[in-house]
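**Q** Everything below, folded, please.
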Amino acid sequence: MRSSATLPLLALVRTSSLSLPSPLLRGALLPRQPRAACCACAAATEGDLLVTAISGDGSISAKAIVTTELVAETSRLQGLGGLAAAALGRAMTCSLLVADGLKDDETFQVNFRGDGPLRGVLAMSNGKLEARGYVGNPAVTLPPNAMGKFDVGAGVGKGSLQVVRTKHLPGEEVSTPYTSITEIRTGEIPEDINWFLLDSEQKEGALAAGVFVQGTDPGTDMNGDVLGAAGVQAAGGWYVQLLPFADGAAVEQLQTNLQAISGRSPTMMVREGLGAEDIVGLLLEGMEPQIMSRRAPASLAASCACSEARVMRTLRLLPRSEIDDIVEKNEKIEIKCEFCGKRYEMTPDYILKNLEEKQA
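**A** Below you'll find the predicted structure:
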């Protein structure tokens, strides 16, 4: 099943704030319902990749990313259902597009706190393009929406979107977090993130992301178990942004380009075999695009920060009375990473021994 979403540029909803030669048409950015691709269509063979480019005159920035491997891995390791894979895949894809360009230890995090049955969607990425996230209810199912896609908006529901950016300021040893909260407008993920970028950071752009799910994933998780997770066949997205003093002719050309791809969702393009650089070429066609970078997102298993030492640090934060209660009621304690799904099993004696050694 398809799952994709696109948000129109600010000019489509607030043209009075821009000095553009003509308003961009909404249809230029909202893709028509794509026809279903056949099962034999293969995704791009280059693997996950994020490509950043800029138009020759410096008016428009464009990014495109293929995240099929990352989203499929996340679905497999967490045992996600189709709706959860679609929602989390969109969120992780968007967070990577926004985090690109940050310093290695700086992060961009989105936390959708909606009242829908997904019970929340969280995704974060850093400047090294390490992304992770989770949903509150990975097994939830809902009927498709009117377009035959996963109803991510209903799954997320109404509520608030919390965005946390960490920035490494000069003279500081650790990054400083900056938190903003805004209302969830649609729950479709890219739309809400782009509205935040517009309202809170005055960044005008269009953001699209999608996930195509078909069948189940036969692979194993970090513990060697087969969870029967949703099989992610394609995932990706793109982000275009008008830079300060964007030339009117460049904006018109962007309108033409977006209209030309309006019938092709990000996942359709990936399933057709287009890579991230191909998609950037479509976005900036006729604008002499200059490729600025090509970077591959990290795998979840390789980049997850969980460890036994981190588990013990978390246990040490609990009151001793709670630890004693846990030890008394459990012969063996199992702790599971909410991001990669790895299980850590500890006996009461092992926990007490480590706590005593730390205190000594």
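
**Q** Which neighbouring elements make contact with the helix or strand containing Gly153?
**A** Using DSSP states H and E, Gly153 maps to helix 152-156. Contacts defined by 3 or more CB pairs under 8 Å, 6 or more residues apart in numbering; DSSP states H and E place helix 152-156 against helix 82-99. In this view, the C-beta of every residue, glycine as well, is placed from N, C-alpha and C.

**Q** wait, what's in contact with the residue nearest to Gly341 when sequence neighbours are not counted?
**A** Leaving out its chain neighbours, the residue that sits closest to Gly341 by CB to CB, 6 or more residues apart in numbering is Leu77, at 4.4 Å. By CB atoms under 8 Å, 6 or more residues apart in numbering, the contact set of Leu77 is 221-222, 300-301, 340-341.

**Q** partners of the following helix or strand past the helix holding Gly153 in the sheet?
**A** With elements assigned by DSSP H and E, the helix or strand that comes after helix 152-156 is strand 159-167. As defined by DSSP bridges, the strand partners of strand 159-167 come to strand 107-114 (antiparallel), strand 176-183 (antiparallel).

**Q** pLDDT of strand 159-167, averaged?
**A** If you average the pLDDT over strand 159-167, you get 96.

**Q** any idea how far that strand is from the chain center?
**A** 13 Å (CA atoms, centre = their mean, to the nearest Å).

**Q** Quick one: the strands in the chain, in order.
**A** Using DSSP state E, the strands of the chain run over 4-6, 49-54, 60-66, 107-114, 121-126, 131-135, 159-167, 176-183, 205-216, 230-242, 290-295, 333-336, 343-346.

**Q** Among these, which comes closest to Val152?
**A** Of all the strands of the chain, strand 4-6 sits nearest to Val152, with 7.3 Å by CB to CB.

**Q** From Val211, how far off is the spatially most central residue of the chain?
**A** For the chain, the residue nearest the mean C-alpha position is Met92 (1.5 Å; CA atoms, centre = their mean). Met92 is 10 Å from Val211, where distance means CB to CB, to the nearest Å.

**Q** what's the answer for Pro143, then?
**A** Counting by CB to CB - Pro143 and Val211 are separated by 18 Å.

**Q** lowest-pLDDT helix or strand in the chain?
**A** strand 4-6 (a mean of 53; mean pLDDT, DSSP states H and E).

**Q** Show me what Gly237 bridges to in the sheet.
**A** Beta-bridge partners of Gly237, as defined by DSSP bridges: Ile65, Ala209.

**Q** now swap in the one 4 residues further on and tell me
**A** Using DSSP bridges, the beta-bridge partners of Gln241 come out as Ser61, Gly205.

**Q** pLDDT wise, what is it at?
**A** 95.

**Q** Please look at it and Glu201 and confirm they touch.
**A** No: at 10.6 Å, Gln241 does not count as touching Glu201 under the criterion of CB atoms under 8 Å.

**Q** neighbour-wise, which of those two wins?
**A** Gln241 (18 against 12; other CB atoms under 10 Å).

**Q** ok, back up a step: surely the residue nearest to the centre of the chain and Val121 touch.
**A** No: applying CB under 8 Å, one finds Met92 not in contact with Val121, separated by 9.7 Å.

**Q** Residues in contact with both of those two, list them for me.
**A** Gly133.

**Q** before we move on, back to that, common neighbours of Met92 and Val211, please.
**A** Taking CB under 8 Å, 6+ apart as the criterion, Met92 and Val211 both touch Val71.

**Q** Tell me how this structure divides into domains.
**A** 4-303, 308-359 (automatic domain parsing).

**Q** residue ranges with poor pLDDT in this protein?
**A** Residue ranges of the chain with pLDDT under 70: 2-45, 358-360.

**Q** cutoff 50 now
**A** The model of the chain has pLDDT under 50 over residues 6-45.

**Q** what's the spacing between the closest residue to Leu283 other than its chain neighbours and Ala246?
**A** Spatial nearest neighbour of Leu283, excluding adjacent residues (CB to CB, 6+ apart): Ala62 at 4.4 Å. Separation of Ala62 from Ala246 (CB to CB) stands at 12 Å.

**Q** same thing with Asp151?
**A** For Asp151 relative to Ala246 (CB to CB), the value is 35 Å.
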